[in-house]
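A.B. asks: Sequence first, then the predicted structure, then my questions.
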Amino acid sequence: MRLSDSVFIRLLLTLRLPAADYVVLGSAPLLAVGLKSKVHDLDIVARGEAWRVASECGSIEPARSGRGLRIVLFGGDIEVFDHWIGFWHTDVDALIDSAQLIDGVPFLPLVDTLAWKRGLGRAKDICDIALIEHHLAVPAR
């Protein structure tokens, strides 16, 4: 499957966000490298111009995590955040600047996605963790 086959990626591209001002994270990095064939939505952290463009497409509201703000787009298919939940990366600029471009879309690197999913310890992430560990040849914990 090509990345552009994802309806969520096609929706994202319609926004024309500047790639230097956002990063796609959550489970989507697994989609980007072909470890998953589909995801249920896209989670994005944005700053500057990307945040401004997104805010023109939807209303800004408090994030459900209680930390920061979010913009819900396309009926919830895409959520844009000004912060990211988890145990690391409170520096949004560092998070965005660490992005890996795949077909012109900035994604959180798999090694960081693995650390984030491990840190959250959610049951729903167990399969994703195993896929990333196998792909990166990282020993399981």
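C.D. replies: Perfect, thanks for sending it.

A.B. asks: ok, Ala54 touching Pro18?
C.D. replies: No - counting by Cβ atoms under 8 Å, Pro18 is not a contact partner of Ala54; they are 11.0 Å apart. All C-beta spots, glycine's among them, are computed from the backbone N, C-alpha and C.

A.B. asks: So the two - more neighbours on which side?
C.D. replies: More crowded of Ala54 and Pro18, by other Cβ atoms under 10 Å: Ala54, with 25 against 14.

A.B. asks: Please name the spatially closest residue to the residue most central in space within the chain (chain neighbours excluded).
C.D. replies: Closest residue to the average C-alpha location of the chain: Leu25 at 1.7 Å, with Cα atoms, centre = their mean. Leaving aside its chain neighbours, Leu25 sits nearest to Leu108 (4.1 Å; criterion: Cβ to Cβ, 6 or more residues apart in numbering).

A.B. asks: Right, I'll leave it there.
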